[in-house]
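Visitor: Sequence first, predicted model second:
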Amino acid sequence: MITIAALVILLPFAAAAAGLLGSRFPRGLRGGAADPVANSRAAWIAILPTAISTALAIWLVYAGRTGTGGGQGNPLLPPAGSTGPHGPDGVTGTLGIIDTGSLPISVGLSVNGLAASIAVLVTVVALAVQIYSIGYMSGDRRYPSYSAFISLFTSAMLLVVYAADLLVLYVGWEIMGLCSYLLIGHWWEDRANSRAAVKAFLVTRLGDVGFLFGLFVLGTAAGSFRIADVVAKVPEMSSGTTVAATMLLLAGVAGKSAQVPLHTWLPDAMAGPTPISALIHAATMVAAGIFLVARLYPVFLVSHPTLDVLAVIAALGMLGAALAALAQQDLKRVLAYSTISQLAYMAGALAAGSKSAAIFHLITHGAFKALLFLCAGAVIHVVGSNLMSAMGGLRGELPTTFVAMTIGFAALMGLPPTSGFFSKDEVLATMERALSAGPLTGAAALLLYGCALATVAVTGAYATRAWLRTFFGERSTMASPHPHPAPEPGAPHIADLRPGTGPDQVADVLPVPESAHIADVQPAPSPVHLTDVRPVPVPGRVTDVRSASGAAHVPDVHGVPATMRLPIALLAVPALLLGFAGAADLQWGTAVLSLAPALFGAGLVYVVWRGDPLSDPARMLGPLRTPCEQAFSIDSGYHILFVRPVLSLARLVARTDDRLVDGAVRGSGRVTLDVAGLLRLAQNGNVQLYITGLLAGILLLAVGAVIFG
């Protein structure tokens, strides 16, 4: 089994290496138009290894269930509502030992039910994204590197999943951060995209500083970095050690899984191609933090203060992100804030004491969130805009996408019989049990459960709003004949422009003031919104021309290619049916209790929308609409509290370096030149001056000898 797990990791890695080194051979193009042959070759290089890895990952699940291939015959997940470890920790193999002089690093892999389940999620979503990208990224001249980075992203997440050593896990953890930076900034020519990539990189690195120190604390306390050894030594660790370690780990978890207060990078990461959003939100970056807590769950279970902090973070994150999603105009940003909210559900389940409920929801969420993002990509591909104001009435033009996205939104709301209904029921049942018995204090448990129920209602509201505005009503066709001019070269702005946009692909981009910063990127108040508009490269097509009022005109509609429709259709199946794997543990009382607020939120939005289908139902928020749309100005607060002081300090250091350090060096140079200038006066090549000086010196010596002799 360890050999198979190693192949699951290495195959995407080999695809990444081959894609980066050989996909353009023999032409070696570095610019200009896309090379169809190179793109086709890159697609095969990326898809075939990922497909084999998917098949092998599924086989590992089968082997773990049946006991074949060295497996233990254990279920994938422990019983619902359980809190402690269950059964052997799968199969572990050590490939080598790295002697560091203190604690050795064991390069090994571990295959258990948790790892096998998440590996299937990762490989299936990665395969769907690779196939989908063939159609979505057709005509992109950097598609070979794009597909290679997806393969590397997949391999890094699989290394995190299967790692048996904390430092080996950390290697995959950091490679994912690099891949997210490269893929979010794929269209780096647009300054907004590159700034979003830098922001994601810096915010997640900030959390990873604490994460690394947390790993060091655990490894030092256990005398080993092997995860099995760390878990075995937990009873011998002091409470101070476990609390300190888990608090530090929580910083990295908050960064990777976009939880409060390090969640601000995820909405801006929508600057990347939509398939990358699906990969990040469903199966890689954001899933890594939740998986890490589940992998080290025995350590967190004995650290009750950490669980209380995690519960508060989850409560604030799930409700705040849901309210932000309710007011967004950009379809991708709605889904981005939805991811933050749903991840907070999983974090809340972990805090309340159930690893199985959190992982169950992580898997179902991966299925329906990947489906939603790929459907959103299909809609954007047709409409040419991310703005829901440019959408509407698409159910007849995109029947497959309409059905699939309906399933996805229903799963997001937790409506039966979709997968989200069963997994969200487990999460809420866990939080309900924590009110009377569990690791949380009474106040933390009450806050968590109350926010969870409120979030159910808000989730129903924003999911229904996005569904209605995308597929129902009428599409706006009024546009200004004089679109806004493009910003000055290099000016910061919010856009998702594919490189190579020509005069036949005009996109309306609203400039941002020069003072804008990567930490302060947010939509402007209604009715004019900064957008994430990506022209689709179809020759001779005007993609999205908006007036100041936000109206859009899309002159022609192009169908969705088969390579995009196929992954959507396939992902709709697990999004609909995967929840039945946990149907036996369904708590009917909790299910009914959670269904009522979801239907209430959905019904309220429908009534408001029905009263005026051309208006945004978000108007029901009243004065709260602008704060919600700006995500409560957390980015602005960070800009004031952290960015400005850091920039001021950086300017001070730069001036000090320029005027003192460099000034001293330049000053010493000037003094040397001045002294040399004086000496040069005596060394001018005039022989008479030399003789005169010699005679003057002799005369002085003679006079001195007479006087003092």
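Guide: Okay, I see it. Residues are numbered from 1 along each chain as shown.

Visitor: Okay, helices next: where are they in the stretch 501-650 of the chain?
Guide: 562-577, 588-611, 625-629, 634-638, 644-656 (DSSP state H, counting those that start in this stretch).

Visitor: Burial-wise, tell me which of those comes out on top.
Guide: helix 562-577 (a mean of 20; mean count of other CB atoms under 10 Å). Bear in mind the C-beta positions are built from the backbone N, C-alpha and C, glycine included.

Visitor: With only the CA atoms kept, save that one in PDB.
Guide: Output of helix 562-577 as PDB, limited to C-alpha atoms (Å, rounded to 0.1, in the frame of the first residue of the first chain):
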ATOM      1  CA  ALA A 562     -17.800  19.300 -24.100                       C
ATOM      2  CA  THR A 563     -14.600  19.300 -22.100                       C
ATOM      3  CA  MET A 564     -16.200  21.700 -19.700                       C
ATOM      4  CA  ARG A 565     -19.700  20.000 -19.600                       C
ATOM      5  CA  LEU A 566     -18.300  16.500 -18.800                       C
ATOM      6  CA  PRO A 567     -16.700  17.400 -15.500                       C
ATOM      7  CA  ILE A 568     -19.800  19.300 -14.500                       C
ATOM      8  CA  ALA A 569     -22.000  16.400 -15.200                       C
ATOM      9  CA  LEU A 570     -19.800  13.900 -13.400                       C
ATOM     10  CA  LEU A 571     -19.400  16.100 -10.300                       C
ATOM     11  CA  ALA A 572     -23.100  16.500 -10.000                       C
ATOM     12  CA  VAL A 573     -23.400  12.800  -9.100                       C
ATOM     13  CA  PRO A 574     -21.400  12.900  -5.900                       C
ATOM     14  CA  ALA A 575     -22.800  16.300  -5.000                       C
ATOM     15  CA  LEU A 576     -26.300  14.800  -5.200                       C
ATOM     16  CA  LEU A 577     -25.700  11.200  -3.800                       C
END
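
Visitor: could the helices of the stretch 501-650 of the chain go into a markdown table alongside distance to Ala197?
Guide: Listed next are these as a markdown table, based on distance: least, CB to CB, whole Å:
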| stretch | distance to Ala197 |
| --- | --- |
| helix 562-577 | 24 |
| helix 588-611 | 34 |
| helix 625-629 | 24 |
| helix 634-638 | 16 |
| helix 644-656 | 19 |
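
Visitor: any chance of those helices in a markdown table, with distance to Ile175 and mean pLDDT too?
Guide: What follows is the helices of the stretch 501-650 of the chain, written out as a markdown table (distance: least, CB to CB, whole Å; pLDDT from 0 to 100):
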| stretch | distance to Ile175 | mean pLDDT |
| --- | --- | --- |
| helix 562-577 | 25 | 94 |
| helix 588-611 | 38 | 92 |
| helix 625-629 | 35 | 94 |
| helix 634-638 | 27 | 92 |
| helix 644-656 | 27 | 93 |
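
Visitor: Now that we're looking at the closest residue to His361 other than its chain neighbours, what pLDDT does it have?
Guide: Leaving out its chain neighbours, the residue that sits closest to His361 by CB to CB, 6 or more residues apart in numbering is Ser423, at 4.0 Å. According to the predicted model, the pLDDT of Ser423 comes to 94.

Visitor: Not counting whichever helix or strand Val231 is part of itself, show me its contacts.
Guide: Assigned by DSSP states H and E, Val231 belongs to helix 227-232. Helix 227-232 has contacts (CB atoms under 8 Å, 6 or more residues apart in numbering) with 85, 89, 92, 110, 163-166, 169, 218-219, 222-224, 295-296, 298-299.

Visitor: can you do 10 Å?
Guide: Contacting residues not belonging to helix 227-232 are listed as 85, 88-90, 92, 106, 108, 110, 112, 163-166, 168-169, 215, 218-219, 221-224, 226, 237, 245, 295-299 [CB atoms under 10 Å, 6 or more residues apart in numbering].

Visitor: re the thing from before, with just CA atoms, put the helix or strand hosting the residue nearest to His361 into CSV.
Guide: Using DSSP H and E, Ser423 maps to helix 419-434. Output of helix 419-434 as CSV, limited to C-alpha atoms (Å, rounded to 0.1, in the frame of the first residue of the first chain):
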residue,chain,number,x,y,z
SER,A,419,-25.0,15.5,0.0
GLY,A,420,-24.9,18.7,2.0
PHE,A,421,-28.2,17.8,3.8
PHE,A,422,-26.6,14.8,5.4
SER,A,423,-23.2,16.3,6.2
LYS,A,424,-24.5,19.6,7.6
ASP,A,425,-26.9,17.6,9.8
GLU,A,426,-23.9,15.8,11.3
VAL,A,427,-22.2,19.1,11.9
LEU,A,428,-25.2,20.7,13.6
ALA,A,429,-25.9,17.6,15.6
THR,A,430,-22.4,17.7,16.9
MET,A,431,-22.7,21.3,17.9
GLU,A,432,-26.0,20.6,19.6
ARG,A,433,-24.5,17.8,21.7
ALA,A,434,-21.6,20.1,22.7
